[in-house]
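K.L.:
Please find the sequence and the predicted model below.
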Amino acid sequence: MATLYGLLATLFGIINVLFAVGIFGMLMGIPSFFVIKKFKGMKEEDVQKFIA
């Protein structure tokens, strides 16, 4: 029974870390999204080449 609780605690720990990373990633992603959008507006073809 103790091992089961240990596994559950580990699982919840991993989920919490992933959740925190996800929120942090979203917060970091919003400014970079606008930068990419602005950059894309300037050079559409260059972005296409960079992605491909």
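P.N.:
That came through fine.
K.L.:
how far does the helix ranked longest in the chain sit from the chain's center?
P.N.:
Criterion DSSP state H: the longest helix present in the chain is helix 2-42. Distance, stretch centre to chain centre, for helix 2-42: 5 Å (Cα atoms, centre = their mean, to the nearest Å).
K.L.:
That helix - what's its average pLDDT?
P.N.:
For helix 2-42, mean pLDDT rounds to 84.
K.L.:
Can you spell out which helices and strands pack onto it?
P.N.:
For helix 2-42, the packing partners by 3 or more Cβ pairs under 8 Å, 6 or more residues apart in numbering; DSSP states H and E come out as helix 44-51. Backbone N, C-alpha and C define where each C-beta goes, glycine included.
K.L.:
swap the cut-off to 7 Å and go again
P.N.:
Helices and strands touching helix 2-42, by 3 or more Cβ pairs under 7 Å, 6 or more residues apart in numbering; DSSP states H and E: there are none.
K.L.:
Of all residues in this structure, which one is nearest the centre?
P.N.:
residue 25 (3.7 Å; Cα atoms, centre = their mean).
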